[in-house]
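Asks: Dropping the sequence and predicted coords here.
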Amino acid sequence: MFETLPSGRRTFDVFIQEEKVVSGIDIYAKAVTAKKIESQVSKRISSYLAKYGESPQIPEEKGSDYARLQQNYNSLKDENERIKRDLEDARKEKELTSKECHEAWMSLQELQTELMRKSMHVGSLAFAVEGQVKEKTRWCSALRELNEKFEFLKLEHAKVSSEASKYRNCLADMSSITATIQSAMNDHSSSGKELTELQKKFVKETKGRKELYNRILELKGNIRVFCRCRPLNQEEVSKGDSVVVDFEFAKDGELVVRAPGSQRKVFKFDSVFSPQADQEMIFENTSPFATSVLDGYNVCIFAYGQTGTGKTFTMEGTKDARGVNYRILEELFRIVKERQGLLEYEISVSVLEVYNEQIRDLLLSGSQPGVAAKRLEIKQVAGVHHVPGLVEARVSNMNEVWEVLQTGTNARAVGATNCNEHSSRSHCIHCVMVKGQNLISGECTRSKLWLIDLAGSERVAKTDVQGDRLKEAQSINKSLSALGDVISALATKSPHIPFRNSKLTHLLQDSLGGDSKTLMFVQISPKENDAAETLCSLNFASRVRGIELGPAKRQLDSSEALKSRHMLEKAKQEIKGKDDQIKKMEEAANCLESRIKSKDVSIKHLQDRVKELESQLLIERKLARQHVDTRIAETHHQLQRLQQQERDLSATSNNSNRPPLTVRPPPPSDNQVNVADTAIAAALTDGPTKSPPSSPPPDDYARYFPAMLKENKPAVGARFATSPACNRRVSMVPAPRRESLIPPPAVRPMEAPLLTLLAGAGEVSPPLSGAVTGGGLRGQARSGGARRISSILRRSLQKKVVIKPPLQQFVRRGAGQSNREDKGGGGVYAAVPPWGRARRLAEWEQQQQRLRKEKERQWGISGRRRQETC
Ligand SMILES: Nc1ncnc2c1ncn2[C@@H]1O[C@H](COP(=O)(O)OP(=O)(O)OP(=O)(O)O)[C@@H](O)[C@H]1O
């Protein structure tokens, strides 16, 4: 394309000829010609000057030549001047043009590169389109397959969800079931058979729950992988770093990486956490592992990823945003509290680090980062890998846990790198050891929970570390690549797994070897600049997720189990012995009960008999009183008659002129009194058939019959009692107060039970027993024993006391109400366990003895008083 320049010269806008630009070529040619002419002229002038000098002597004949030459010379000079001018113009023009040319050249260059780029782009687009078409067909078929898989998974998911909901219901019911079982156990504590049945049911239920729970975890895979992406930090945001990770399908566990220069890659994990996910959300999915540890499974949780992606943040966290380490221990203590009474746990924590391929105990006092400490080695004992000599801090609450975690964190080796100001320069490992014992079945477990914050994988060139940091980075990378080898070997099910290639893999052998449940946190950065490392970490994590380790094993503590089995046997034997004892006691109690029953019966008989006797006694007493009254009246008449006779006799003997004297009856002689007494006594004893004695004068009643008066006529008795005569002792036949009035009863031989009772009371004296069994009461009526018996009988009758042995009531009540203790009713006896019942029996017997003695004492006292009164 040609364009006319303002100077009137023509030039090319774009013209390329073998790397040489020809622009304004006519000017260039002119300039060249001018230069040539100038050089020719100056050559000729200089040759002329050399030949003739500056002012040559010109001969005359050569004058015309000279003039011609001069003319020529002048014309040449003029020509030269003109040419010089032209040349100058041409140079200027040339400069301008070359400048323009240069600019044109530059724009041409740019256009050329643009063209090349565009043509390449078109080529690549064509290639991409072709690839896309192929890809599309591949995707279509993959999509079809995935659809099928998805349908299948949907079914699986429904199945798992139903199981999970069942399990969740189980969990919800668990506490209520436990409470019910415990209350049921309390209710049936006496019934050993039911208790063992309940225990069996409970153990079965617990086993079922655990199995269900493990199935859920196992369905989700043994090594579970969670992916967490950190947010861009302030520096990155201010720099305007772009993000290459897409979390659109994070809920489905999918993650998309769009790295520049490579294809969009999709990764699938068990859970994907975007930068917005907080520590609580992370732990929500991790907490079921705490239950597994307490159920006796080994669990390993580790964080893997590029340096500065938040491994330490996830595992340790900060004071305000606590990490997995703290939260899982908190969860452990919560479950331990929930299971209190059924299971007993002992928890201890160790903290160690693998630094430059050496194991350091971070809880050892004086342990400083970087300071050479005691060398610790990994040993294998009974198939379990452990580090002998490691400090195991026993923890019983969260305060202690926090203290231990802080001690470990402070002692850990940390350094600053280009990628992280506080980069971990070692693998930090927390080992939580849990010893559990089932208080019902006696089963013991010994499980471990490994919490590992791996050092970050780093590119030495990128982090630009030197010296110690470089050495650390090399050993970190070496151990991580050993971990990669182990994972590869496990993924390919290789017969040899190189666990011993590094301290880290050697320590993790139990966790990665298939006996435990493992969870991996793969930490990534969203930054475009870290895309290569992110892809690397995600590929590694995908491989880990593909590993099939098989079902985890419960870590049963055989030694503890053996011990508890022995203890169980011993306890069983003890229970058997105690059962026998209880049986014997129950037999003894039954025997006592029957004895008490028979005693009750005999007491009832005796009471009836006593009642009978009392009524008989009352009738007889009435009769006797009537008899005595008539006798007294008769005696009184006799006395009057005697007095009359006396008076008559004295009248006849002392003549009629002597005035009659007031007759004062002479005091009866001892003989007379005795006669009267004997008469009365005879009247009382022998009945009214015998002749009555002469009656004493009324004033001498008190003298003659004080007891009788007092007894039968209280008013009269009182009157006589005030007279001085009353104070005198009367020498009469000493007669007991009541017995004197009682006609001798026709005593039947006493029934054997009464005798036993009296003998038991220690009151029956030989004469009484003789009287009772044989010859009647007459001779022995005054004996203390007889008096006491009669007083007992009388009092019991008067008070209408029905003697009922407390044990009888006790036992009867107990027998009818065997299950009433817990309802707050009676039946205390029934509530007491068999051995308690025996103790109660013994106590009751003692109490009875005490009561009996007290009664005896009272009876003794009252008997003695009565004797004294009499
Ligand atoms: N999810 C997150 N939310 C907020 N901040 C985070 C998150 N993850 C990481 N960080 C921050 O990123 C920084 C680096 O994190 P951290 O030290 O945990 O990384 P790292 O992977 O342990 O590094 P290294 O391997 O070097 O030890 C810290 O300042 C941390 O607070």
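Replies: Yep, it's here.

Asks: Run through the stretch 451-600 of the chain and note the low-pLDDT ranges.
Replies: 458-467, 514, 549-554, 556-562, 564 (pLDDT under 70).

Asks: For the ligand, what's its nearest residue on it.
Replies: Closest contact between the stretch 451-600 of the chain and the ligand, by Cβ to the nearest ligand atom, is at Gly456 (2.5 Å). Every residue, glycine included, has its C-beta placed from N, CA and C.

Asks: Leaving out the residues flanking it, which one is nearest to that residue?
Replies: Nearest non-adjacent residue to Gly456, counting by Cβ to Cβ, 6 or more residues apart in numbering: Thr307, 2.8 Å away.

Asks: contacting residues around the closest residue to Gly546 other than its chain neighbours?
Replies: Closest residue in space to Gly546, ignoring its immediate chain neighbours: Ala491 at 5.5 Å, by Cβ to Cβ, 6+ apart. Residues near Ala491 by Cβ atoms under 8 Å, 6 or more residues apart in numbering: 543-544, 546-547.

Asks: could those residues go into CSV alongside secondary structure?
Replies: Putting these into CSV (DSSP: H, G, I helix; E, B strand; the rest coil) gives the following:
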residue, secondary structure
Arg543, helix
Val544, helix
Gly546, coil
Ile547, coil
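
Asks: Looking at neighbours, which among these is most surrounded?
Replies: Val544 (24 neighbours; other Cβ atoms under 10 Å).

Asks: contacting residues for that residue?
Replies: Contact analysis of Val544 by Cβ under 8 Å, 6+ apart lists 223, 225, 487, 491, 520, 522.

Asks: ok, now Pro231?
Replies: Applying Cβ under 8 Å, 6+ apart to Pro231 gives the contacts 275-276, 526.

Asks: thinking again about what came up before, could the contacts of Val544 be laid out in CSV, adding distance to the ligand and secondary structure?
Replies: As requested, the contacts of Val544 are exported to CSV (distance: Cβ to the nearest ligand atom, whole Å; DSSP: H, G, I helix; E, B strand; the rest coil):
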residue, distance to the ligand, secondary structure
Ile223, 20, strand
Val225, 16, strand
Ile487, 19, helix
Ala491, 24, helix
Met520, 14, strand
Val522, 11, strand
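
Asks: tell me the contacts of the residue in the stretch 101-250 of the chain that the ligand sits nearest to?
Replies: When scored by Cβ to the nearest ligand atom, the stretch 101-250 of the chain has Arg230 as its residue closest to the ligand, at 3.5 Å. Arg230 makes contact with 275, 309-310, 313, 523-526, according to Cβ under 8 Å, 6+ apart.

Asks: Now tabulate the residues you listed in TSV and tack on secondary structure and distance to the ligand.
Replies: Shown next, in TSV, are the contacts of Arg230 (DSSP: H, G, I helix; E, B strand; the rest coil; distance: Cβ to the nearest ligand atom, whole Å):
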residue	secondary structure	distance to the ligand
Pro275	coil	6
Thr309	coil	5
Gly310	coil	3
Phe313	helix	4
Gln523	strand	6
Ile524	strand	10
Ser525	coil	9
Pro526	coil	11
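
Asks: Report the two of those separated the most.
Replies: Phe313 and Pro526 (14.5 Å; Cβ to Cβ).

Asks: Span of stretch 48-68 from start to end?
Replies: 14 Å (Cα to Cα, to the nearest Å).

Asks: For the stretch 351-500 of the chain, just list every one of the helices.
Replies: Assigned by DSSP state H, counting those that start in this stretch, the stretch 351-500 of the chain shows helices spanning 398-411, 460-463, 468-491.

Asks: Pick the most deeply packed of the ones you listed.
Replies: Of the helices of the stretch 351-500 of the chain, the one with the most neighbours on average (mean count of other Cβ atoms under 10 Å) is helix 468-491, at a mean of 19.

Asks: next helix or strand past that one?
Replies: helix 503-507 (DSSP states H and E).

Asks: Break the chain into its domains for me.
Replies: 2-150, 220-556, 561-646+669-727, 752-869 (automatic domain parsing).

Asks: and these, which one is worst for confidence?
Replies: Looking at the domains of the chain, the lowest mean pLDDT belongs to domain 752-869 (a mean of 52).

Asks: Just want to know which of Phe313 and Pro526 has more residues nearby.
Replies: It is Pro526, of Phe313 and Pro526, that has more neighbours when counted by other Cβ under 10 Å, with 23 against 19.

Asks: from what I can see the more buried one touches Val243, true?
Replies: Yes - contact criterion Cβ atoms under 8 Å: Pro526 and Val243 qualify, at 4.4 Å.

Asks: Name the residues contacting each of those two.
Replies: With contacts taken as Cβ under 8 Å, 6+ apart, the residues that reach both Pro526 and Val243 are Leu232.

Asks: so Tyr304 sits in a strand?
Replies: Yes - read with three-state DSSP, Tyr304 is one of the residues of a strand.

Asks: Next up, the contacts around it.
Replies: With Cβ under 8 Å, 6+ apart, Tyr304 has these contacts: 311, 454, 457, 480, 483, 520-523, 537, 540-541.

Asks: swap the cut-off to 10 Å and go again
Replies: Tyr304 is in contact with 225, 311, 452-457, 480, 483-484, 487, 520-523, 537, 540-541, 544, counting by Cβ atoms under 10 Å, 6 or more residues apart in numbering.

Asks: rewinding a little: the contacts of Ala491 also near the ligand: which ones?
Replies: Near the ligand, judged by Cβ under 6 Å from any ligand atom, there are no entries from those.
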